[in-house]
Every structure is written in structure tokens, then in C-alpha cells.
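# okay, here's the prediction I keep looking at, along with the sequence it came from:
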Amino acid sequence: MNMPAEEKAGMFLWRSLMAKLERHLKADIGTLLGYLDHQILSGSISASLEDSSSFRCDGFRCEVRVYERFSWLGGNRLSLSITVLGTPEGTVHLSAIASGGSQAMFYKINTLGEENFLEEFRRILDSYQNY
């Protein structure tokens, strides 16, 4: 596609904002991850934890989780990738990105499943913060 760089950058920003959630909060990273794991996996019969990664460095803790579930609406699987960085001061930086679901070859036409998965995660995170 031939378009000016500014338009491409704007298009990328728009797309990335559609299915991404970022938060900063005060929390114990272990408690938060246990809560998220439980809520996501019990929230859908088809939800699964596909893989995870953990590492620590200089008092920081980084956790990555990749969940999948089936989208009944789209008839395909969606993923939710969560990266959580815990600082020595007890601050948690969280990024969640949903993807999958579209059946188009070059453009994402149906992002409804991604948006729904991320919205459900937003509600889970909000309920943790209000817990």
C-alpha cells in the first residue's frame, strides 16, 4: 500500500490501541498473577495458558503469560499476551495485548473477538484493583 509515512504511523497507532491495555499499579506481583491466572482460566471453558516465562534481575521481576481461548463469534482462537514487570518498590507495570481472530489475509477485518477478550481482561483487572 502506498501512503505517506505519517498516515502509516497513524494507522499503526490506531490498530495498536484497539487491542492493547497498559496499567501501572501497586500490587504484589505473585498475588496479582495468581488472581489473573485463576480468573482468565475459569472465565471460559476453552481458555488455556499456552506458555509462560519468568525471570528476575536486580530486584526486578518480569512475567510473561500467553493465554488462548476459542472465539465462538469468529470461529477461531484468540490469544492474550500479558507482560508484568514488578519493581523493587512494589510497583507493577502491566501490558496486555490481544490478537488473532481475523480470517482476512492482509487486513484485520474482524477484531471483535480480540476486543472482547481484552475487555473481559480489563474487567478482571479492575475487579482486582477494587478487591
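Structure's in. What do you need? Because the structure is predicted, anything quoted here is derived from the model rather than measured. Residues are numbered from 1 along each chain as shown.
# can you list the weak-confidence ranges in the chain?
Applying pLDDT under 70 to the chain flags the ranges 1-18, 72-75, 101-113, 130-131.
# may I ask which helix or strand encompasses the residue most central in space within it?
Nearest to the mean C-alpha position of the chain, by CA atoms, centre = their mean, lies residue 96 at 2.5 Å. Here residue 96 sits within strand 91-100, counting by DSSP states H and E.
# which residue ranges of the protein form strands?
20-26, 48-57, 60-71, 76-86, 91-100 (DSSP state E).
# pretty sure residue 36 sits against residue 92.
No - taking contacts as CB atoms under 8 Å, residue 36 lies outside contact range of residue 92: 11.0 Å. For the C-beta atoms, the positions are set from N, CA and C on the backbone; glycine is no exception.
# if we can go back for a sec, tell me which residues of the strand holding residue 96 are tucked away?
92, 94, 96, 97, 98, 99, 100 (16 or more other CB atoms under 10 Å).
# and it, how far out from the chain's middle?
Offset of strand 91-100 from its chain centre (CA atoms, centre = their mean, to the nearest Å): 4 Å.
# equivalent analysis for stretch 79-97, please.
With CA atoms, centre = their mean, you get 10 Å for stretch 79-97.
# just to revisit the earlier point, tabulate the buried residues of strand 91-100 (CSV), appending distance to residue 126.
Shown next, in CSV, are the buried residues of strand 91-100 (distance: CB to CB, whole Å):
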residue, distance to residue 126
92, 15
94, 12
96, 12
97, 18
98, 16
99, 22
100, 23
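# so which bits of the longest helix along the chain are buried?
When the chain is parsed with DSSP state H, its longest helix is helix 112-129. By neighbour count on 16+ other CB under 10 Å, the buried set for helix 112-129 is 113, 114, 116, 117, 118, 120, 121, 124, 125.
# pick the one among those residues closest to residue 61.
residue 125 (18.1 Å; CB to CB).
# quick check: that closest one vs residue 82, distance?
Distance check for residue 125 against residue 82: by CB to CB, to the nearest Å, it reads 10 Å.
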